[in-house]
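# kindly generate the corresponding structure for this input.
(5 chains, ligands or ions: 5)
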Amino acid sequence: MADTASLPLVRAQGLSKRYGDKRVLSKLSFSLQSGGFLLVTGPNGAGKSTLLRLCAGLEGPTAGELEVGVERDELGYLGHEPLLYRELTALENLELFAKLYRVPERRDRIHELLERFGMWGERDNRISTYSRGMIQRVALCRVLLHEPRLLILDEPYTALDAAGCELLDAVLAERRGNHTFLVSTHDPARIEHLASDRLAFAEGAAT
Amino acid sequence: MADTASLPLVRAQGLSKRYGDKRVLSKLSFSLQSGGFLLVTGPNGAGKSTLLRLCAGLEGPTAGELEVGVERDELGYLGHEPLLYRELTALENLELFAKLYRVPERRDRIHELLERFGMWGERDNRISTYSRGMIQRVALCRVLLHEPRLLILDEPYTALDAAGCELLDAVLAERRGNHTFLVSTHDPARIEHLASDRLAFAEGAAT
Amino acid sequence: MKKLLAPLDNAVGLAVLATVLIAVGTAMTFFYAPVDVDGLNQKIFYFHVPIALTAYATFGWGAWKALVHLWKKKPGADLESYVAIHQGTIFGALTLITGSIWAKLRWGHWWLWGEKELVLFLIIFLFYCTYFMLRYSIEAGPRRANISAVYALFGVILIPISFLAIRLATNYIHPVAFTKQGPQMAGSQFATFMVCLAAMWTLAGALYRLELLGKRLDLKIRELRELVL
Amino acid sequence: MSAAAGMSGRRGRGGLVGYLGDVATLAGKDLRIEWRARDTFPAMALFVLSTMTIFHFALPSGSSDRAAQGMLWVAILFTALLGLTRTYAPEREQGMFDGLLLSPVDRSAIWLAKVLATLVFLAAVEVVALLAFWLFFAHVGGAMIAAVVLADIGLCAVGALVAAMATASRSRELILPLLLLPLSVPVVVGAVGASVDTGTGKYLAFLALYDAIFSLIAWGTFEYVVAE
Amino acid sequence: MSAAAGMSGRRGRGGLVGYLGDVATLAGKDLRIEWRARDTFPAMALFVLSTMTIFHFALPSGSSDRAAQGMLWVAILFTALLGLTRTYAPEREQGMFDGLLLSPVDRSAIWLAKVLATLVFLAAVEVVALLAFWLFFAHVGGAMIAAVVLADIGLCAVGALVAAMATASRSRELILPLLLLPLSVPVVVGAVGASVDTGTGKYLAFLALYDAIFSLIAWGTFEYVVAE
Ligand code: HEM
Ligand SMILES: Nc1ncnc2c1ncn2[C@@H]1O[C@H](COP(=O)(O)OP(=O)(O)OP(=O)(O)O)[C@@H](O)[C@H]1O
Ligand SMILES: Nc1ncnc2c1ncn2[C@@H]1O[C@H](COP(=O)(O)OP(=O)(O)OP(=O)(O)O)[C@@H](O)[C@H]1O
Ligand SMILES: [Mg+2]
Ligand SMILES: [Mg+2]
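Numbering: from 1, shown residues only, chains lettered A, B, ... in the order given. Ligands and ions are numbered 1, 2, ... in the order given. Just a heads-up that it's a prediction; the model follows:
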């Protein structure tokens, strides 16, 4: 895998997605190099989340081609749902996923992440008792746990306070270049400087 | 009710809330005049949502007093959950609540609101098929439906796109002075100019 | 008079009284009451029936406290209701045990499924077991108190209604000692029975008071710790 | 106590007509959701049929009339249980209890609406069950139909309350049968009696009594179950 | 086809040992959630007892031994159903199916873990049920225990697959019994036969055959049920 960096890691060709009669994505084409950072913007209901779910393999396209050149264990996806078990504690959730993803030196890694996101003190409380921002922080830990090659983040800044946003800025900046990013947001000003590519949807449902 | 404006509409005295052994709010005191605008800020896990739920009467305090001087039908609460039936369409949801709240000229009112929030075209689709921002827009319609005297909004800007945020700015500005507001946010700069009072929590779980 | 009744409101006084009454009752059972046609095993009657009636009484008391909680919003009524039902469940278990022993002696089986009265009591017992499951799967707070109270009320209505239901179909072998014609037994038997009944009720009262004391102490300690921290 | 405890939503809301209007609105909402999203009716109907089949295999052939009736009633009871398990599913899964409790409707209207919505579905299922019973087992008389109707009312009235209790608890679906089964003993006894024994009248009267008493209590106490 | 369909998570994941490790991890998670959130075990035990008791009000007194066995089996079946209804509740309510499908575990490991977790609970409950049955009704022999074990395996294997199908469908819990009951008729027939009739051996062999066939099919097809 010497020339990975020059190959597109994600490549879409005439990608379309319909739900019933509703056309959500139509004939979308783009490609994202390994190490690139694609910023997805657009109004509410434009299809950002749909595109990200397609790229994560959670749904299939109606037409067109989509190639994503990573294995399942090299992919990190953060959607609108936190993807954490609410009846388990933060520690138990991360332990579970760390085992499934075969994360080496699991305990240290989890400690480091929770510490960084300011959730180490809360590690033994169940997710169901967390505030919205705290859940988002743990969800970010889960995504970063196995340092995936491709990071798909859907509005990752949601619910974070000022300190949390700065933290995430730093986390993204550190990984920029080594990892490949696909990020949607409503506040592009915040991460514009990181972006290598941009995909701007023009119209949404609510316009 | 001639001198309503000079009486506090919300008054808390030594308000405390615990969950089990966890102390979330302790000995909080404040009061909000009728027509006032209280901006609640603070880091993740500070207790903003908890305070707002207490004021809405969704939970009871552990200690202290909390007086909220409005009837149930004069209160509008927007929490982290949209409080909409996902299996029903936007129109059906709003019809349902308009009936329960005895909104006069229901149909016109609903049309006007949906139109304003850019959701009229989507009125006959189920909430479960909406994008996150579209759901937030309909949730805002639901809260404004009966023009409540007291509006309790928990991070109302969440998930809205730029146009949606501006729309909400305008909606809040219009009602400022006539209605009483209790709003939490992580982006105080956006609505600081509207606030008459401010409650800033200092520490959260994630600090 | 008030002074005379004071021990009844006091855990230690009740405990002493219960001990005395149980001793007297046991003595009367074996040395005063005549041996029935049933033989010696009939002696269990003086425990089985008072225990069963005590179980019903404590369930009733729990429902009464539940009503007080819902109606008067009296703080502490929830705890009293809970403790009463807890005692009721203990006495209910004892009823099942003493009844089963008697059944083994009299009918030759530990249990008769065909006997609707017995099965019904088992159901009621399970109903109150569920009370604890329900209570402990709700977070402590006013909501839990309310739900427990409503459940306790349902229980006390369920009991007579169920008995009415099975009495509609009349054929049971579980005996009825107290009929419209009054108690079907000799005076000495009745006297013994009444002493034993009083003994069980004071015992239940004593246990109720004791448990309540412990629970209240727990709460106090927790509140104090809260103030200190 | 909750801050909202003092807020009453009843002022100037149109008395009984308004109350019944709210009930109709809420019940309509439940029926619409059920109809649209859950295919409750065919599933419940097939469930009752499958249950009867299971009983057929589990019980000795050539059972008495009474055994067949008993079977029918157990099937009906479990179908009702299954339906009631889902009673508050939309509210619970979508956090809508908050939405309803915030709205100015009388809380008991929420209960009454649930009772009505559940009754509609249960009744529809029982048409199927009774038809099957009539075809395969025994004759279905007027007394039996009356017993079914009265039993349904009782089961739904108690069930809609108890399901709200279950919703508040961590065990949810699992605890509901435990709460409901003991409470349904009188219904089963009365209903089996009404359809088999002589003296149908007294059993039906008993069922009506049960319905009246428990509906009244449930109506009066629902408020305490859902709010602080 | 999904874009991720081609992504396999199996490469270099430790073969069989890794696979079984994943199964253990997932089953442990399920047991922990159940244990913590739902008090499943006491609830199921109480449920078995209540069910067995309530049948007595519906069925004639002095039923045959076979009827008693049938009753036990209906109680076990409904308890299993109730448990299986909740099998994927954590995944469904919390959108966790996505989380599991994204993770690099083999999909069939998810199924196997669910089967194991359900079996543990069902087995625990049945110890209670059989004890109660032994105390109150009749002797419990070795053949009966073997029948219970074999029947459990079959019910859980089919149930964990069918529950996943039901989760993917809209009506969820309700459709589960609908799908499971017809599939469980052979289990009930075999189990009742093994515990009552002479010729126990052939019934047990039949149950083992059922388990083998359905487990294999479920194991092989689960992947298609959960992913596009
Ligand atoms: C496990 C078996 C039994 C249970 C659960 C049981 C339960 C009860 C209960 C709950 C009562 C209270 C009031 C009532 O229902 O009338 C009672 C009363 C009584 N039991 Fe039992 N019992 C059992 C076995 C027996 C046996 C074997 C005998 C004697 C043959 C017996 C004799 C009585 C008598 C004489 C009364 C007083 C009846 C009356 O109040 O008129 N019980 N039992
Ligand atoms: N399951 C579905 N069935 C029907 N329509 C759907 C479904 N999922 C999404 N849609 C529609 O697809 C469109 C795009 O949705 P998507 O969630 O991708 O928007 P988005 O760009 O993420 O918006 P937001 O900024 O609000 O998150 C919306 O109009 C939505 O109504
Ligand atoms: N049911 C509960 N049980 C235990 N702790 C809880 C519960 N609900 C909230 N908390 C705790 O209360 C604290 C405050 O939560 P709250 O949701 O009010 O925070 P918030 O200020 O709204 O945070 P955010 O900005 O993340 O939304 C958190 O530490 C949270 O863990
Ligand atoms: Mg989106
Ligand atoms: Mg919050």
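# shaky segments in chain D?
Scanning chain D for pLDDT under 70 picks out D:1-12, D:37-43, D:46-47, D:50-51, D:53-66, D:197.
# just the element for the residue nearest in space to the middle of it, please.
The centroid of chain D falls nearest to residue D:156 when counting by CA atoms, centre = their mean (2.1 Å). Here residue D:156, judged by DSSP states H and E, is contained in helix D:142-168.
# quick revisit: who's in contact with the residue nearest to the centre of chain D?
Residue D:156 is in contact with D:80, D:84, D:115, D:118-119, D:122, counting by CB atoms under 8 Å, 6 or more residues apart in numbering or on different chains. For the C-beta atoms, the positions are set from N, CA and C on the backbone; glycine is no exception.
# how far away is it from chain B?
For residue D:156, the distance to chain B equals 21 Å [CB to the nearest CB, to the nearest Å].
# what about that residue, distance to residue D:183?
12 Å (CB to CB, to the nearest Å).
# please apply the same query to residue C:158.
Residue C:158 sits 6 Å away from residue D:183, going by CB to CB.
# common neighbours of the two, please.
Common neighbours of residue C:158 and residue D:183, counting by CB under 8 Å, 6+ apart, are residue C:127.
# ok so, going back, out of the contacts of residue D:156, the closest to residue A:174 would be?
Distance to residue A:174 across the contacts of residue D:156 (CB to CB) is lowest for residue D:84, with 53.5 Å.
# who's in contact with the closest residue to that closest one other than its chain neighbours?
Leaving aside its sequence neighbours, residue D:84 sits nearest to residue D:159 (CB to CB, 6 or more residues apart in numbering or on different chains; 4.0 Å). Residue D:159 makes contacts with D:80-81, D:84, D:87, D:118, D:180, as judged by CB under 8 Å, 6+ apart.
# and the most centrally placed residue in chain A, how far is that from residue A:24?
Centroid-nearest residue in chain A, with CA atoms, centre = their mean: residue A:153, separated by 2.1 Å. Distance, residue A:153 to residue A:24, using CB to CB: 20 Å.
# with residue D:218 instead?
Distance from residue D:218 to residue A:24, counting by CB to CB: 46 Å.
# of the two, who's got more company?
Neighbour totals were compared for residue D:218 and residue A:24, and residue D:218 leads with 24 against 19 (other CB atoms under 10 Å in any protein chain shown).
# now do the phi/psi pair for the more buried one.
Backbone geometry at residue D:218, expressed as degrees, to the nearest 10, gives phi -60, psi -40.
# ok, and the closest non-adjacent residue to it?
Nearest to residue D:218 is residue D:161, by CB to CB, 6+ apart, at 4.1 Å.
# the residue nearest to the centre of chain D and residue B:149: what is the separation?
38 Å.
# what's the neighbour count on the closest residue to residue D:31 other than its chain neighbours?
Closest residue to residue D:31 apart from its sequence neighbours, by CB to CB, 6+ apart: residue D:117 at 5.3 Å. Counted by other CB under 10 Å, the residues lying close to residue D:117 total 23.
# what sits against residue D:117?
By CB under 8 Å, 6+ apart, the contact set of residue D:117 is D:27, D:30-31, D:34.
# residue C:89 too?
C:55, C:125, C:128-129, C:131-132.
# residue C:42 - nearest residue in space that isn't next to it in sequence?
Leaving aside its chain neighbours, residue C:42 sits nearest to residue C:36 (3.9 Å; criterion: CB to CB, 6+ apart).
# and residue D:20, that one's in a helix?
Yes: per DSSP: H, G, I helix; E, B strand; the rest coil, residue D:20 lies within a helix segment.
# check the gap between it and residue D:90 for me.
From residue D:20 over to residue D:90 (counting by CB to CB), the distance is 22 Å.
# and those two? Which one has more around it.
Counted by other CB under 10 Å, residue D:20 and residue D:90 do not tie: residue D:90 has more neighbours, with 20 against 13.
# quick one: which of the contacts of residue D:117 is nearest residue A:62?
Of all the contacts of residue D:117, residue D:34 has the smallest distance to residue A:62: 30.4 Å, by CB to CB.
# that closest one: neighbour count?
23.
# determine the three-state secondary structure at it.
Residue D:34 ends up helix, using three-state DSSP.
# isn't it up against residue D:121?
Yes: the pair residue D:34 / residue D:121 is scored as a contact, 6.7 Å apart, by CB atoms under 8 Å.
# tell me which element residue A:67 falls in.
According to DSSP H and E, residue A:67 maps onto strand A:63-68.
# can you confirm whether that strand lies near chain E?
Yes: applying CB under 8 Å from any CB of the partner chain, one finds strand A:63-68 touching chain E at A:66-68.
# now for those, which sits with the most neighbours around it?
Counting neighbours by other CB under 10 Å, residue A:68 comes out on top of these with 24 neighbours.
# just checking, that one touches residue A:8?
No: using CB under 8 Å, residue A:68 is not in contact with residue A:8, being 9.9 Å away.
# tell me what the longest helix belonging to chain C is packed against?
If you go by DSSP state H, chain C has its longest helix at helix C:187-228. Using 3 or more CB pairs under 8 Å, 6 or more residues apart in numbering or on different chains; DSSP states H and E, the elements in contact with helix C:187-228 are helix C:11-27, helix C:45-72, helix C:77-106.
# I appreciate the help and will end here.
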